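[1] just the structure for this:
(chains A, B and C)
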Amino acid sequence: MTRLARTFQTAPAAVPREDSAKYLDSGLRAEGFEAPDWLVPDIEDGTAPDVKAEAVDNVVARLPELAPDFGGEIWPRVEWAHDDPDFRDRGHEQIDRLVAAVGEHLDGVVVPKVGRLSDVEAAAGVVAEAEREHGFDDGSIELAVIVETAAAVSDLPAIARLGESDRLAGLVFGPVDYTADLGGRAMGGDRPRWDGLLERLSNEASAGGLVAVGGPFDRLFDERAGVTYYNAPGYADRVEREARIGLDGSWSLHPKQTAQANRVHMPAPAELRSAVEKVEGFNEAKEAGTGAVVLDGQMVDEATYRNFANTVETVRAIDEVHPTQTAEAYDEPLLERARSVTVRFG
Amino acid sequence: MTRLARTFQTAPAAVPREDSAKYLDSGLRAEGFEAPDWLVPDIEDGTAPDVKAEAVDNVVARLPELAPDFGGEIWPRVEWAHDDPDFRDRGHEQIDRLVAAVGEHLDGVVVPKVGRLSDVEAAAGVVAEAEREHGFDDGSIELAVIVETAAAVSDLPAIARLGESDRLAGLVFGPVDYTADLGGRAMGGDRPRWDGLLERLSNEASAGGLVAVGGPFDRLFDERAGVTYYNAPGYADRVEREARIGLDGSWSLHPKQTAQANRVHMPAPAELRSAVEKVEGFNEAKEAGTGAVVLDGQMVDEATYRNFANTVETVRAIDEVHPTQTAEAYDEPLLERARSVTVRFG
Amino acid sequence: MTRLARTFQTAPAAVPREDSAKYLDSGLRAEGFEAPDWLVPDIEDGTAPDVKAEAVDNVVARLPELAPDFGGEIWPRVEWAHDDPDFRDRGHEQIDRLVAAVGEHLDGVVVPKVGRLSDVEAAAGVVAEAEREHGFDDGSIELAVIVETAAAVSDLPAIARLGESDRLAGLVFGPVDYTADLGGRAMGGDRPRWDGLLERLSNEASAGGLVAVGGPFDRLFDERAGVTYYNAPGYADRVEREARIGLDGSWSLHPKQTAQANRVHMPAPAELRSAVEKVEGFNEAKEAGTGAVVLDGQMVDEATYRNFANTVETVRAIDEVHPTQTAEAYDEPLLERARSVTVRFG
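    Reported below is the predicted structural model:
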């Protein structure tokens, strides 16, 4: 079945207030479209240095109660840096502690600022060691890395190939650190979009059988004529661009972003309707012995068919895990056609 | 001499009508600007499963009569898929049958849906085996592959290097399967353009001494205010974009597309005139002992010169094979200058 | 300290007039913003074949007098071509002569038209040999290569890795030869921008610890309504695009271009002010125990902080070498804050 990773929501695992696990709890308790496919308790850059220990404690304390009812996957982000052994040591300790205490609730660990292939292999080795040490099956705890250094991008094809045989399961883009690592400058207020790199990330993830996720969108709020508003259009544009090139999901910093990205990474109703019709139409043409058919002025052959089939398959995967989302997004007769049409690939 | 590959026209080798070779015949009999540089009898996705055997029969039956008078190259597209042995077996049989029966009329074989380097090597091996088996000289039947999987793109530099020593002669982009393989979505109706990938395809083809061809443009017809028309502007824009980045040719699905792509991949009259003038002007400056000269406000040196020389060389190659095309495209005095100017590189 | 390479100004080392070293001299004597960070006496494409010997003579004759007072680095560009042994032989002789005669005034040698990794290694070997032969310390004369062939781009990650252990110090883009090598065409007057390649050049340079420089902008002058003018906006747009993606510098063909590129590759006053404020604000937040802070509606955490720190560091490097430039660009109180703020990375 299609693995869902529409949303990669980071939540600081500790914040300096009375209820330091506030964001962690609300991420694990989110409902409907605000429930992320992947929740990422953040022990790295979103958490202040003096509460990092508390951040690990919070994850250890909250998961036993909240993880069983959380529908998505749980992926803590630990500390790491390919060019700094202190960060790697802290990451090592954090991974060991988390796997020991709550390994049964983790789908994997997110490791940031990885460098060349050998550094990613080192991170995978740390996870493997913790797994072994604490009695989990080989490969039961996966690895996702944040691609945010020139070194990692230089080795991207080799790193992604680890997905063919290894515990590596996901590639996530980190544009802020990446831009800094290249010495890029936000001239006129905008960072580069790094379109070419995102397309390569999507390619290598597909080639290696990995999930690919875009970077955070930090202009959460915008202002026009003196009024500050939640930047819904800016984030939606970004997420749509990511969906178009085949990224599986988008990074979310806020429940509203999660609600938007979950929707964008679902086929739109018109898209699902068109896909269902093209699949049905092509199936009929096929039975009538034709290899290609023109539907709505567009030639559909074995090749184009696969696109439409993918759309149907994605809806089915969401429908299985989040039936309230599909019930809200599509009308029932269309949904029923999507559930029942014969899909020959996918 | 410059190898011409301005047009890569696929024609279904069998269609379910009385005259099942209709499109194959008309491709081989096309004249003037509608004659493609490469005709690709399609046994793969353009041909329905139940007429695939007939498609191979048609190619075998028609080439002996029509190939000798066809000016361009003939490259059947067979079945193949890096991730499906059944497809590879069928491709193997089709290649063997075609080489055995009409090998002397083939310039090469087009293999789609190739994967990593090892899969391309396997396809090359199948062609080599058929060549040997049926008594053709080594390398007399070449290979072009359709680049349309994440795996092939991941290995693109290594695959293209096969061109340095091997029978590999061309790289062709397949955007529909490629987008599907990455899980991309046509949001708002448009697929991604994959500009970065096309530039890399052009680079690797040049580095390996291969021909590079863009993908099919399937919005053959468009509609405005209730009227459907042949989408001449859409296709011309696409082909121009491909020519600009150094692709040698464009994919054609229709004689009108072939006529357009043949023209776009010829230098425009003003472009030829400017190139001839810059080459003549630089030659004079050179004799006068200057390494760089400003012509029309643009500095021309040894480096820029090569661009202009390429333009002249391309026109000469077309003029040799298709004199009716050059006679129609350029006025005679300009053409004569292009034929006679001294070109020092290229 | 940050290595400055904001400007890579080529000057023909000999021109066919009475004072054949005119441009070389004026490059070495330039002051203020017209003084390039790197001056590149050009013995290659900017110099006519019949004055190439004189070009080498001029470099040998002028450096002893002018180099000591020139604030920037000096990098002659010699002849070379990966696919032509005659050019490589001439490059070999030129490098040997220059190192023998004026090696103590050279920071490195620029080698154009390199091919695959082995060709870059060959160029590095020639420099190493000259260094040894003429008694200079190992690595004292560095190498920068012009990336302008499909072969070099195909091997770019491997070439850039030479920077980790070798004398390679810089990658410079050569768009004219590159476009010609790929068979690209300037349709409608414009060459492709090769954005994807420039982003990869920036990435690989950062990964290998190299300086990256964009290509020359040859439309020095433009014309509107019958009036020809220095194309200041065209060049500024180009240089800004290069700065945004993290290229360290831009190619200059003229002192006015040098003045512009030196300025663009300096942070703008508002950019410096914002960076100083974000660094100060984050430092305060950090002391107050917070890992992230919202400043001007933008979240600043450890990751975004690095961008701002880089901006401050660049200004400090320029201030140290060219205090007249920083004095002209920034007001004194801001400059003083930039000099004194605590920067924890960079």
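[2] alpha carbons only for contacts and neighbour counts from here, please
    Noted.
[3] and A:G234, which of the three is it?
    Assigned with DSSP: H, G, I helix; E, B strand; the rest coil, A:G234 falls in the helix class.
[4] gap between it and A:E223?
    12 Å (C-alpha to C-alpha, to the nearest Å).
[5] neighbours of A:P76, how many?
    27 (other C-alpha atoms under 10 Å in any protein chain shown).
[6] what does A:Y230 give?
    Neighbour tally, A:Y230, other C-alpha under 10 Å: 14.
[7] what ranges does the stretch 51-200 of chain A have for its helices?
    Shown for the stretch 51-200 of chain A, the helices assigned by DSSP state H, counting those that start in this stretch span residues A:52-66, A:85-102, A:117-133, A:150-154, A:156-161, A:175-182, A:195-208.
[8] so which of the ones you listed comes closest to A:R167?
    A:R167 lies closest to helix A:117-133 among the helices of the stretch 51-200 of chain A, at 7.0 Å (C-alpha to C-alpha).
[9] please say which of A:G234 and A:E223 ends up with more neighbours.
    Applying other C-alpha under 10 Å to A:G234 and A:E223 shows that A:G234 carries more neighbours, namely 14 against 11.
[10] can you give me phi and psi for the closest residue to chain C within the stretch 201-346 of chain A?
    Closest residue of the stretch 201-346 of chain A to chain C, C-alpha to the nearest C-alpha: A:R219 (6.3 Å). Backbone geometry at A:R219, expressed as degrees, to the nearest 10, gives phi -90, psi 60.
[11] burial count for it?
    13.
[12] distance check, it against A:D19.
    26 Å.
[13] related to what we said a few turns ago, pick the most deeply packed of the helices of the stretch 51-200 of chain A.
    Ranked by average neighbour count under the criterion mean count of other C-alpha atoms under 10 Å in any protein chain shown, the helices of the stretch 51-200 of chain A are headed by helix A:150-154 at a mean of 26.
[14] for chain B, tell me whether it is touching it.
    No - judged by C-alpha under 8 Å from any C-alpha of the partner chain, helix A:150-154 stays clear of chain B, getting no closer than 12.7 Å.
[15] if you count contacts, what does that helix end up packed against?
    Contact here means 3 or more C-alpha pairs under 8 Å, 6 or more residues apart in numbering or on different chains; DSSP states H and E; on that basis helix A:150-154 packs against helix A:175-182, helix C:195-208.
[16] helices or strands up against the shortest one?
    Judged by 3+ C-alpha pairs under 8 Å, 6+ apart, helix A:175-182 is in contact with helix A:150-154, helix C:195-208, helix C:302-321.
[17] pLDDT wise, what is A:L24 at?
    At A:L24, the model reports a pLDDT of 97.
[18] my error: substitute A:P12 in the last question.
    96.
[19] surely it touches A:L24?
    Yes - A:P12 lies in contact with A:L24 (C-alpha atoms under 8 Å); the separation is 6.5 Å.
[20] can you work out which residues contact both of the two?
    A:P41 (C-alpha atoms under 8 Å, 6 or more residues apart in numbering or on different chains).
[21] near chain C, which residues of chain A are found?
    Counting by C-alpha under 8 Å from any C-alpha, chain A sits next to chain C at A:16, A:45-50, A:149-151, A:153-154, A:176-177, A:179-187, A:191-192, A:194, A:196, A:218-222.
[22] any low-confidence regions in the stretch 101-250 of chain A?
    A:189 (pLDDT under 70).
[23] was I right to think A:E148 contacts A:L171?
    No - with contact defined as C-alpha under 8 Å, A:E148 and A:L171 do not form a contacting pair (10.1 Å).
[24] looking at the two, which one has more neighbours?
    Taking neighbours as other C-alpha under 10 Å, A:E148 and A:L171 compare with A:L171 leading, 27 against 24.
[25] who touches the more buried one in this structure?
    Contacts of A:L171 by C-alpha under 8 Å, 6+ apart are A:144-147, A:160, A:201, A:205, A:210-213.
[26] next one: A:Q325
    So A:Q325 contacts A:32-33, A:318-319 (C-alpha under 8 Å, 6+ apart).
[27] distance of it from A:A259?
    Taken as C-alpha to C-alpha, the span from A:Q325 to A:A259 is 10 Å.
[28] same thing with A:S250?
    In terms of C-alpha to C-alpha, A:S250 sits 11 Å off from A:A259.
[29] between these two, which is the more surrounded one?
    A:S250 (32 against 18).
[30] now do the phi/psi pair for that one.
    Dihedral angles (degrees, to the nearest 10) for A:S250: phi -130, psi 150.
[31] quick one: it and A:E242 touch, right?
    Yes - A:S250 is within contact range of A:E242, at 7.2 Å (criterion: C-alpha under 8 Å).
[32] identify the contacts common to these two.
    Common neighbours of A:S250 and A:E242 (C-alpha under 8 Å, 6+ apart) are A:G214.
[33] quick check: the gap between the residue nearest to A:I141 when sequence neighbours are not counted and A:G139.
    Excluding the flanking residues, the one nearest A:I141 by C-alpha to C-alpha, 6 or more residues apart in numbering or on different chains is A:G108, at 4.7 Å. Applying C-alpha to C-alpha, the value for A:G108 to A:G139 is 9 Å.
[34] those two: which has the busier surroundings?
    A count of neighbours by other C-alpha under 10 Å puts A:G108 above the other of A:G108 and A:G139, at 26 against 15.
[35] who's the more buried one bridged to?
    Beta-bridge pairing for A:G108 (DSSP bridges): A:E142.
[36] if we look at stretch A:3-14, which residues are touching it?
    By C-alpha under 8 Å, 6+ apart, stretch A:3-14 touches A:20-24, A:27, A:36-43, A:46-47, A:51-52, A:54-56, A:58-59, A:211, A:213, A:248-254, A:258, A:261-262, A:265, A:317-318.
[37] measure that stretch end to end?
    Where stretch A:3-14 begins and where it ends lie 29 Å apart, using C-alpha to C-alpha.
[38] and what of stretch A:289-307?
    Rule used - C-alpha to C-alpha; the end-to-end distance of stretch A:289-307 is 21 Å.
[39] circling back: mind giving me the PyMOL select for the contacts of stretch A:3-14, buried ones only?
    Here is the PyMOL command that selects the buried residues among these (16 or more other C-alpha atoms under 10 Å in any protein chain shown):
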select buried, chain A and resi 20+21+22+23+24+27+36+37+38+39+40+41+42+43+46+47+51+52+54+55+56+58+59+211+213+248+249+250+251+252+253+258+261+262+265+317+318
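[40] the contacts of stretch A:3-14: which ones sit near chain B?
    Within the contacts of stretch A:3-14, those near chain B by C-alpha under 8 Å from any C-alpha are A:D248.
[41] restricted to helices, list the contacts of stretch A:3-14.
    A:22-24, A:27, A:52, A:54-56, A:58-59, A:258, A:261-262, A:317-318 (DSSP state H).
[42] now the element after the helix or strand hosting A:A327, going C-ward?
    Here A:A327, judged by DSSP states H and E, is contained in helix A:323-329. Downstream of helix A:323-329, the first helix or strand assigned by DSSP H and E is helix A:332-340.
[43] what's in contact with that next one?
    Contacts of helix A:332-340 (C-alpha under 8 Å, 6+ apart): A:272-273, A:276, A:312, A:315-316, A:326.
[44] at 7 Å what do you get?
    For helix A:332-340, the external contacting residues (C-alpha atoms under 7 Å, 6 or more residues apart in numbering or on different chains) are A:273, A:276, A:312, A:316.
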